[in-house]
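Peer 1: Prediction below, plus the sequence it came from.
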Amino acid sequence: MRSHAVAVGVAFVAAISQVAVAQEEVSVPSGFSIERMRLTPSRTGMLDTEWGAMPSGFSWDVGLWVGYARNPLLLRDADGTRVGSLLQDRVGGSVVGAISFLGRIQLGVELPVVFLNERPAQVPGVVLGNLSSVAGVGVGDLRVVPKVGILRHEDHGIDLALLASVEFPTGGGSRYVGSEGFLIQPEVAISRPFGNVKAALNVGAAFRTSRPSALDLRVGHELVSRLALAYRFNQVNPEAVPLEIGVTALAGFALQQPFQNLNQTPVELKLYASYDVLPFMQLFAAGGVGVVRGWGVPDWRALAGLRFFSPVEAAPKGEPDTDGDGLVDSVDQCPREAGPAERQGCPARDSDGDGINDDEDACPTERGIAELKGCPDVDTDGDGIVDRLDRCPQQAEDKDGFQDEDGCPDPDNARWRTAAAPTWTPTATVWWTASTTARQSPGPRRTTAAPRSSWWCWRPAGCACSRRWSSRPAAPSSSARASSCSTTWCGC
């Protein structure tokens, strides 16, 4: 009996030891940065999406943002079901800066900062033991962003630039603030303005020297894309309000075993607005939601920030001004084309060549006329009369010789357009007109009249053609006129 009790006690201790060992064997790595929000170093970008063109001359930008993210790091089971949060609350941001020169080269930097990290001590239903604390303020991994412009939309239809971001492990490799290794991300940026509308696309691949993993969490090489669409009120008219409203989308997937689980497939949407409060200062704010909550994508986020930048300046004496528009090449957005300072040195565009500038053209890609604000004439019913002159744009003119210029059909006059003509007889009823101009519809009925220099006779039984009767009887009677008309009628 005593030996049996000892055996039970040993078994219980062994079970507890196995649980403890199991708890120690399962580790949750924290040596990587989970922040997917990146602010573009230059104001030419659209929140987190790089623009494909750069200022023509030298310019500088500095900025910062601070924001809150809810549940940016989740733990899921094998079926993808959400189990719990490894990081519940984060308050962080970054400081950015950039210099641009030669119209094609830009060097940008970003330094992330974390002010608050919080997570629960345990994940319910998962045997992980007590999770280590990730609280505290920290500085993240320094990101350096060299950028080279390749194409400009003024010359090639699109803006195109190449980037090669490098993140250095300056964040200590802990608490989800910084990574233990380097990150290299080659990227292409494509953009183009369409009047007041702006669109940009970034596609790149992120390669990591450190790839931690635990349970369903895999942090490795991935393909990342960003898409942005915005409306800037003063893009065309500098006198308009300096406000920009836009939306950006982030999407990515792992390069190794893509779409294997949701934690490797981040998708996030953000809505943002920016406002230039001064010629050298901009305020912005944004909110985002996680669509597919891969690692680094929160349930929701909110952020705000500001930028300072070099304003557009008039041309100082002694500096080159290639196009002679009063702005030196270093600040002229279009140094080879003359344009006013309010357009940053770029001329007004007329893409379709109809003489109406794109900012005033309702149809900038179709040649049109001023009466239609740059849109072309259309003939909806195909009757040869354009809609703006057509009283019946949905009904084709019947071309029966009666009011054919108004664009409306004349069904009551159809009897004068019958193809088959009855036999003409001298006693048939005849309509006459004294006009010397050919008439294609019946004139007033005449039975007696004074002689005229020329007469037109008409057949009332459905004939559209007539014959000029030029005989001039001294005192023609109705029957004489009919008879004369019959002898000179050519038929229909």
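Peer 2: Thanks, I have it. Here the structure is a predicted model, which means the values were calculated and not measured.

Peer 1: need the strands for the stretch 251-400 of the chain, in chain order.
Peer 2: For the stretch 251-400 of the chain, applying DSSP state E, counting those that start in this stretch gives strands covering 267-278, 281-292, 300-309.

Peer 1: List the buried residues for the last one?
Peer 2: It refers to strand 300-309. Residues of strand 300-309 classed as buried by neighbour count (16 or more other Cβ atoms under 10 Å): 301, 303, 305, 307-309. Placement of C-beta: from N, CA and C, glycine included.

Peer 1: ok, those residues vs Ser133, which is closest?
Peer 2: The shortest approach to Ser133 among these belongs to Arg301, at 22.6 Å (Cβ to Cβ).

Peer 1: for that closest one, what are its contacts?
Peer 2: 37, 67-70, 72, 270, 287-289 (Cβ atoms under 8 Å, 6 or more residues apart in numbering).

Peer 1: Tell me the bridge partners for it.
Peer 2: Judged by DSSP bridges, the bridge partners of Arg301 are Ala69, Gly288.

Peer 1: pLDDT value on it, please?
Peer 2: pLDDT for Arg301: 98.

Peer 1: Run through the residues that contact the closest residue to Asp332 other than its chain neighbours.
Peer 2: In space, and not counting its chain neighbours, Asp332 is closest to Gly345: 3.5 Å by Cβ to Cβ, 6 or more residues apart in numbering. For Gly345, the contact set (Cβ under 8 Å, 6+ apart) comprises 56, 312, 323, 325, 327, 331-335, 337-339.

Peer 1: can you list the contacts of Arg301 in JSON lines and add pLDDT, neighbour count and distance to Arg208?
Peer 2: Shown next, in JSON lines, are the contacts of Arg301 (pLDDT from 0 to 100; neighbours: other Cβ atoms under 10 Å; distance: Cβ to Cβ, whole Å):
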{"residue": "Met37", "pLDDT": "96", "neighbour count": "24", "distance to Arg208": "18"}
{"residue": "Gly67", "pLDDT": "97", "neighbour count": "22", "distance to Arg208": "24"}
{"residue": "Tyr68", "pLDDT": "98", "neighbour count": "16", "distance to Arg208": "26"}
{"residue": "Ala69", "pLDDT": "97", "neighbour count": "26", "distance to Arg208": "21"}
{"residue": "Arg70", "pLDDT": "95", "neighbour count": "15", "distance to Arg208": "25"}
{"residue": "Pro72", "pLDDT": "93", "neighbour count": "26", "distance to Arg208": "18"}
{"residue": "Lys270", "pLDDT": "98", "neighbour count": "22", "distance to Arg208": "24"}
{"residue": "Gly287", "pLDDT": "97", "neighbour count": "15", "distance to Arg208": "29"}
{"residue": "Gly288", "pLDDT": "97", "neighbour count": "27", "distance to Arg208": "24"}
{"residue": "Val289", "pLDDT": "97", "neighbour count": "15", "distance to Arg208": "26"}
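
Peer 1: sorry, back to before: out of the contacts of Gly345, which end up buried?
Peer 2: 56, 312, 323, 325, 327, 331-335, 338-339.

Peer 1: Quick check: of those, which lies closest to Glu167?
Peer 2: If you rank the buried ones among the contacts of Gly345 by distance to Glu167 using Cβ to Cβ, Ser56 comes first, at 29.4 Å.

Peer 1: Could you confirm that closest one falls within a helix?
Peer 2: No. The assignment for Ser56 (DSSP: H, G, I helix; E, B strand; the rest coil) gives coil, which keeps it out of a helix.

Peer 1: so it makes contact with Gly339?
Peer 2: No. With contacts counted by Cβ atoms under 8 Å, Ser56 stays clear of Gly339, the gap being 11.4 Å.

Peer 1: Overlap in contacts, the two.
Peer 2: Taking Cβ under 8 Å, 6+ apart as the criterion, Ser56 and Gly339 both touch 332-333, 345.

Peer 1: who's in contact with Glu167?
Peer 2: Glu167 neighbours (Cβ under 8 Å, 6+ apart): 33, 141-144, 179, 182-185.

Peer 1: Make a ChimeraX selection of the buried ones in those.
Peer 2: Applying 16+ other Cβ under 10 Å to these, the buried members can be selected in ChimeraX as follows:
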select :33,141,142,143,179,183,185
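
Peer 1: quick one: which of the contacts of Glu167 sit in helices?
Peer 2: Using DSSP state H, no member of the contacts of Glu167 falls in helices.

Peer 1: Not counting its neighbours along the chain, what's nearest Gly157?
Peer 2: Arg192 (7.3 Å).

Peer 1: For the one you found, give the beta-bridge partners.
Peer 2: With DSSP bridges as the rule, Arg192 is bridged to Ala199.

Peer 1: just for the stretch 301-450 of the chain, where's the confidence low?
Peer 2: Along the stretch 301-450 of the chain, the parts satisfying pLDDT under 70 run over 312-319, 330, 399-404, 407, 410-450.
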